[in-house]
Structure formats: C-alpha cells, structure tokens
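Asks: sequence first, predicted coordinates after that:
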Amino acid sequence: MIKSLRGMNDILNEDYKRFTYFINIATNVAQRYGFHFIEIPLLEETALFKRSVGESSDIVGKEMYQFIDKGKNDVCLRPEGTAGVVRAFVQKKLDKAGGIHRFFYHGSMFRYERPQKGRLRQFHQFGVESFGVDSVYEDATMIMMVSDILKELGIGYKLQLNSLGDNNCMPTYRNKLVKFVKECEDDICDDCIKRLDTNPIRVLDCKNDKCQTLYATAPKLINNLCSSCENDFSKLKNILDNNEIKYEIDTNLVRGLDYYSKTAFEFISDNIGSQNAIAGGGRYDRLVEYLDGRPTPAIGFAIGIQRLMELIVMPETSRDGYYIGAMDEEAIDLVVSLAHKKRKTDKVVIDYKVKNFKNHIKNADKVNAKYFCIIGTNEIQSGNIIIKNLDNKIEKTIKQEEF
RNA sequence: GUGAGAUUAGCUCAGUUGGUUAGAGCACUGGUUUGUGGUACCGGGGGUCGCGGGUUCGAGCCCCGUAUCUCACCCCA
C-alpha cells in the first residue's frame, strides 16, 4: 500500500468541516477589515526565502524542501507565506503605485521537520499582510483581527507582546547584548555560542535553564528603544488597553524570522501541547526593500490552522436536506428523477436499493436528513409524495409536480 | 538531527508463563408477517497480528533489524 509521506496528512470528514469552518470565519473577519484575497505560488525561487526569512534561521538552514527543477532552477516549496506576498507586491509594482495594499491568503506551507503534536511537514496557514501603513494603529489592528477571529471561534488565548526596535536602535542594542553575553561565554550552551555569530538576539529565547539564569540580568531590548520605537510601543499598549485586549509583555519574545522589526506578537494556547504558538506576527518595515522594492512599511501575521483545529468546537449541526428511498423495484427510477429535480435547490441523499420502511428511516437518520420521503407503487399510482419532517414528525402530502 | 513509547478487524482496544481454529464493542451488511417510526433482537462478511530475520517442537507474545505513528528536544504557525 502506498502511504502519504511523513508529516503530510489528508483532511476529510470531521477535520474538513472544522477546516472550512475556520477558513470561512477568518475570511469574513479579514474582509470586514478591508483585506483582499491573494493567491500566490507554492513554489518559488530559493533565493527569495534566503533573502527574506534569512539564512541564519532554521527554516532556511535546514527545513526547506529545496530542489533543482528540470530547467536547472534552484527552487523550494514555500516554508511560509510572507516572502511570497512581498515578492508579488514588488513584482506587480504596487510599491511604486503607492497607497495602501492589504492582502490575506491561506494555503499549504512546507517544512522538513520531525512531526509532532501541532507540527506537520505540510501544514496550513492563514495570513494577512498590510503594505504602506507605518501608523502603529495598523499594528493594533492586526492584533484586533487575530483576537476577533479567535473570539468568533470561541478559542481562549494569551497574547505576548514585544518591540524589536528598528534600524536605529536595534544595532546598538545588539552590540550591548553581544558584549554582555561574551562575558559569560564560557558558561552558555553550544547553541547560544553559535547564535552569537548568526543571530545574537536569539539567545534571549534559549530554552536552556542555565542560559536563562545567566541572561536574567542581560540588557533588555525594551529598555533600549529609541524614542520613536518607544512612543509607538506605548501607544500600541494604550490602544490595546482602550479596546479591552489583554496582553503581557515578553521581553524575550524574538520572532524566529530575520525580517521583523518593532512590534512582535504571538498568540499562545495552553491546550495543544508544546507547540503552543497559534498565531504570530509583527512589523517588517525593511523587507520590501530587501526584496528590491521601494522602501514600504509593512506588517502581517500568520495563524497555524492545524493548531487551531485542535481547539475549535463546532456548533451543533441541525438536520438538513432530504432522504428519498424506494419501497419497490419499479419506484427506483422515480426516486432518481425526484432527487435530480430537488437537487437544484437542496441536499438530497438517496439509496438505489429497495428497502423496507424501517431501514430507510434508519438511513435517513444516519445521514442527518431533515425530510424523509418514501416512494413505492402507491406513489407511482397516486402521483403524490409524502414528506415527513424528522424533527417534529409532521407529515405533508403534496403532488409530485410541486416537489 | 536526538530521545522515549507504540503498531492485533474500517475505528477503539482485549489477548494469561510461548501452547488447538486470534476475540469484544462500535461500524458495515442481511434478516426479524413486505408502507409508519429511529433505540431492540438474531445472523453474516471482514485479520499476512506493520514488515524482515532469529530462538523454539511450537511465536500475536521472546531476541535483533527496519518502517511508520505518537510524544518530547530543537525550531516554529
């Protein structure tokens, strides 16, 4: 038997219902915020991700489905969505067009990782990206959107917030931090020593207890922001307070991808295992420029759909549509015709086999039909059809032409 | 890439110290005087016990290897 590849799952039945339920709600919210759908390729040039996500990240360093195609192009399956949307934004010259451009997308992402709870090799994200707005109100709006989506789904969360500084204050802070960490270099873990070279800020979210103890007195990003970043950050907190969105400041929250600056946020759930980030995002004002566009402020977030699906409780489903069954062999053709007619407007389930009343009604119950019709020689002769409402057990007889 | 646990029917799982023909519940399918009520009762089909070696008179059970799944590390959504 041929089986699906490791970490690549089929979505069907109950899962598919939850999946589409989420997509519909998230799409509605995004549209209410004035965002437009964008569909971008699953396959892109490898260079796109190297330049945006960053070679220091694990995603690019070891998790990409990368290969040389038949035209000898170095390509890979997208490991995340933002890079592709920015690429499209620049390619369509929307950076030169000016103005505000707001997009949302959803689809498969691919990362070659060891699967576990809440982590697959092919997984789905719902994301939004906003271009051309440098106001911190847009940062708050992003967070409100995620909050609205989660609220509509009935999902509880914790929101963690940080500011990563900008081109002005981040490098200064980084030097300070490197200096601090180098002083205790002998006692930190091997990973942190590597991070000193590749991406020093990442030492802050090291999971090693010993490292964390040493870093307790490290300079905090949040105390080293320049006045513009500082103002934005306090305004952001202010907006969230005014709109009753709870958050906690996590000075060690460092997004894993290189392109973030200023606002960074993460939505966390306690109920889905160790992979507890259900949504993450932030500002990336320099990324458009990195990808050869005109400098354009931008911000976005992504939601991990599979992780959310574990938390979604579906509303109760009510009975829906018709079930039509045949009592006699010669009635089957009529059942098919009636179903064909009714299917122009309603869901109809039929059985091609003759069964007794009891078995038919059992089937109707099983497929959760609302109306139950039975066709036999009586109906063929009379031209009538009896429609029984399985919720309230009331029967109505009408002409077949009126069905 | 590293570690731990698991794998028996479509699903959830029993299976004694290694001993006849591997079980249950649910699901599927058929029936219970064949056109009026869903829950009841009776029957039926369905298994290369993940795969490959080994030990043994004999392996679902013990040993080795391997694949896959799950969880965790790492990292991230």
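Replies: Thanks, I have the structure now. Note that the structure is predicted; figures quoted are calculated from it, not measured. Residues are numbered from 1 along each chain as shown, chains lettered A, B, ... in the order given.

Asks: contacting residues for the nearest residue to residue A:357 once chain neighbours are set aside?
Replies: Nearest residue to residue A:357, sequence neighbours excluded (C-beta to C-beta, 6 or more residues apart in numbering): residue A:374, at 6.5 Å. The C-beta positions use only the backbone N, C-alpha and C, and glycine is treated the same way. Counting by C-beta atoms under 8 Å, 6 or more residues apart in numbering, residue A:374 touches A:324-327, A:357, A:360, A:386.

Asks: and RNA strand B, which of those residues contact it?
Replies: A:327, A:357, A:386 (C-beta under 7 Å from any atom of the strand).

Asks: in helices only, show me those residues.
Replies: Secondary structure defined by DSSP state H assigns residue A:357 of those to helices.

Asks: put the buried members of the contacts of residue A:374 into a ChimeraX selection.
Replies: The buried residues among those can be selected in ChimeraX (16 or more other C-beta atoms under 10 Å) with this line:
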select /A:324,325,326,327,360
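
Asks: so of the contacts of residue A:374, which ones are in strands?
Replies: Of these, the ones assigned to strands by DSSP state E are A:324-326, A:386.

Asks: in a markdown table: those, plus pLDDT and distance to residue A:56.
Replies: Below are the ones in strands among the contacts of residue A:374 laid out as a markdown table (pLDDT from 0 to 100; distance: C-beta to C-beta, whole Å):
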| residue | pLDDT | distance to residue A:56 |
| --- | --- | --- |
| A:324 | 92 | 63 |
| A:325 | 90 | 64 |
| A:326 | 89 | 67 |
| A:386 | 90 | 71 |
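
Asks: of these, which pair is most distant in space?
Replies: A:326 and A:386 (13.6 Å; C-beta to C-beta).

Asks: hang on, the earlier thing: on the three-state scheme, the residue nearest to residue A:357 is what?
Replies: At residue A:374 the chain is in strand, as set by DSSP: H, G, I helix; E, B strand; the rest coil.

Asks: beta partners of it?
Replies: residue A:325 (DSSP bridges).

Asks: next one: residue A:349
Replies: Beta-bridge partners, per DSSP bridges, of residue A:349: residue A:323.

Asks: report how many residues lie close to residue A:58.
Replies: 14 (other C-beta atoms under 10 Å).

Asks: show me what counts as buried in stretch A:20-29.
Replies: A:22, A:25-27, A:29.

Asks: now the stretch 51-200 of chain A against RNA strand B: closest residue?
Replies: Here the residue of the stretch 51-200 of chain A nearest RNA strand B is residue A:117; by C-beta to the nearest atom of the strand that distance is 2.8 Å.

Asks: tell me the contacts of that residue?
Replies: Applying C-beta under 8 Å, 6+ apart, we find residue A:117 in contact with A:272-275.

Asks: can you do 10 Å?
Replies: A:272-276, A:306-307, A:310 (C-beta atoms under 10 Å, 6 or more residues apart in numbering).

Asks: ok so, going back, mind putting the ones in strands among the contacts of residue A:374 into a markdown table with distance to residue A:226?
Replies: Formatted as a markdown table, those follow (distance: C-beta to C-beta, whole Å):
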| residue | distance to residue A:226 |
| --- | --- |
| A:324 | 71 |
| A:325 | 74 |
| A:326 | 78 |
| A:386 | 77 |
